[in-house]
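Q: what would the 3D arrangement of this be:
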Amino acid sequence: MASPDTSDEIVVDARGHRCPVPTLRLRRALEAAPPGARVRLLADDPMARIDVPHFAAEVGAAILGRDEADGGFSFLVAKP
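A: This is a model prediction of the structure:
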C-alpha cells in the first residue's frame, strides 16, 4: 500500500480481524474523534469492502479515499 502522509489522521489498524471487528473499531474511533476528523482504517477482511461503505452511509460519514493492495484495504473516513 502507498504511504500517505498520516500526520493529521487517526489510524485504526484492524488487519488480522474479521467482520464485524474492523467496522466496530472504526465506529469507536469516529465516536471519540472531534467533528471533521479523518480516520484511516486498515483492514484485510474482504467484507470490509462492503461493510465500511454501508457503515459510513449509516452514520453520515464520508469516505474520502480507498485503496486496495496486497490483500489489504485502506479507507479514509471523515467524521461529520
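Q: tell me the residue furthest from the middle of the chain?
A: When each C-alpha in the chain is compared with the mean C-alpha position (CA atoms, centre = their mean), D70 comes out farthest, at 16.8 Å.
Q: look up phi and psi at that residue.
A: Torsion angles at D70 (phi, psi; degrees, to the nearest 10) stand at phi 50, psi 40.
Q: who does E68 form a beta bridge with?
A: F73 (DSSP bridges).
Q: any idea how far A78 is from E68?
A: Distance, A78 to E68, by CB to CB, to the nearest Å: 19 Å. In short, each C-beta sits where N, CA and C put it, glycine included.
Q: ok so, going back, and the gap between the residue farthest from the centre of the chain and H17?
A: Distance from D70 to H17, by CB to CB: 17 Å.
Q: A29 now?
A: Using CB to CB, we find A29 at a distance of 14 Å from H17.
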